[in-house]
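Student: predicted model and sequence follow; I will ask about them next.
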Amino acid sequence: MNFLARFTLLLFLFADASRADQAIVDHPARQISDHVYVIHGPREMPNPENRGFMNNPAFVVTANSVVVVDPGSSVHIGDMLLRQIRTITPKPVSHVFVSHIHGDHWLAVDAIKRSYPQANVHAHPEMIANARDGGGQFWLDLLSRLTEGATDGTAIEVPKIELQDGQEITVGGLTFRVYLSEHAHTKTDAMIEVVEDSVIFLGDIGVYQRMGRMDDGSFRGNIAALDRALALKLKHYVPGHGPSAGSKAASEFRDYLNTVYEAALKYSEEGLAPFEIKEKLAPSMTKYQTWPMFAEEFGRQVSLAVLEAEQASF
Ligand SMILES: [Zn+2]
């Protein structure tokens, strides 16, 4: 080996070691259908201990290549996902689907693009516009702050290919059907169905056994999107956070949103204040109270539902 080759190798090893310091411990993928694997991530908010890992990165092994859905929050989490893919198949990653703008779902696209520069990265047109327009930087900064720098080293790789509602993309013999919403969990949401496997990736339109966030959402839009997914009567529903399951992984959160929104509509018309509506709702919330983040989110969500109900009645 000549000097230059040795020097290059040394540089490479050094760079690799410094990235390895920030490595995320392996979270094995669970196979949920013939072609679909999901890593069910931690359910807490991003923090220094989970290093920002909190979503459900997934991959679909087709005849020719691998399709990734929501690779995670950082380049380090994306590297961990790639390690899990390589335990299953040597096929390259050809496509990535991003469910929405929230950075815990997509900033790891950076790792996919470093290993597979040719990979096509797809998202809702509004996700792409928002990410370009400062949304990428906002989420990069927020995750760095919440994890005390554990996500640092990640570069923003904005998806380039706009999805269309109802579109079907065929990859290696499998059909990926696209469902876009105008305003559900955010204004940037895409759900992706793997038709042959009877699987749908809900993004954060569906969360299971965990509270969702509604700060950027619409109760009515989120309920409608979940009803649309449930009407497909599929075998497997993969939530953005929490375990994959049958239709329950979509219907429980739908029922919660419905209960809160209906109460907001009814009681705000009767002139009740949000704190009174919260009290009225308490008895029907017992089955949701054990969800992580319920206590932090519930009060604010009642206020958000009241605002939306008031706007709807104008
Ligand atoms: Zn989200």
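Tutor: All right, it came through fine. Numbers count the residues shown, from 1 in each chain.

Student: do you know how far the residue nearest to Leu146 when sequence neighbours are not counted is from His105?
Tutor: With sequence-adjacent residues excluded and distances taken as CB to CB, 6 or more residues apart in numbering, Leu146 is closest to Pro46, at 4.3 Å. To be clear about C-beta, it is placed using only N, CA and C from the backbone, and glycine gets the same treatment. Look at Pro46 and His105: by CB to CB, to the nearest Å, they are 12 Å apart.

Student: neighbours around the residue nearest to Leu146, how many?
Tutor: 24 (other CB atoms under 10 Å).

Student: any idea which helix or strand carries Gln137?
Tutor: Taking DSSP states H and E as the definition, Gln137 sits inside helix 136-146.

Student: the residue nearest to Leu146 belongs to a helix?
Tutor: No - remark: Pro46 does not belong to a helix; assigned using DSSP: H, G, I helix; E, B strand; the rest coil, it is coil.

Student: and it, what is it in contact with?
Tutor: With contact taken as CB atoms under 8 Å, 6 or more residues apart in numbering, Pro46 is in contact with 52-54, 73, 104, 143, 146-147, 151.

Student: can I get those in TSV including distance to the ion?
Tutor: Formatted as TSV, the contacts of Pro46 follow (distance: CB to the ion, whole Å):
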residue	distance to the ion
Gly52	13
Phe53	14
Met54	10
Ser73	11
Asp104	7
Leu143	12
Leu146	14
Thr147	16
Thr151	16
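
Student: most neighbours, which of those residues?
Tutor: Comparing those by number of neighbours (other CB under 10 Å), Ser73 comes first, having 33 neighbours.

Student: hang on, isn't it packed against Ala108?
Tutor: Yes - using CB atoms under 8 Å, Ser73 is in contact with Ala108, at 6.2 Å.

Student: mutual contacts of these two, please.
Tutor: Common contacts of Ser73 and Ala108, defined by CB under 8 Å, 6+ apart, comprise Thr154.

Student: pull the number of nearby residues for the residue nearest to Leu230 when sequence neighbours are not counted.
Tutor: Excluding its sequence neighbours, the residue lying closest to Leu230 (CB to CB, 6+ apart) is Ala250, at 5.3 Å. Ala250 sits with 28 neighbouring residues when counted by other CB under 10 Å.
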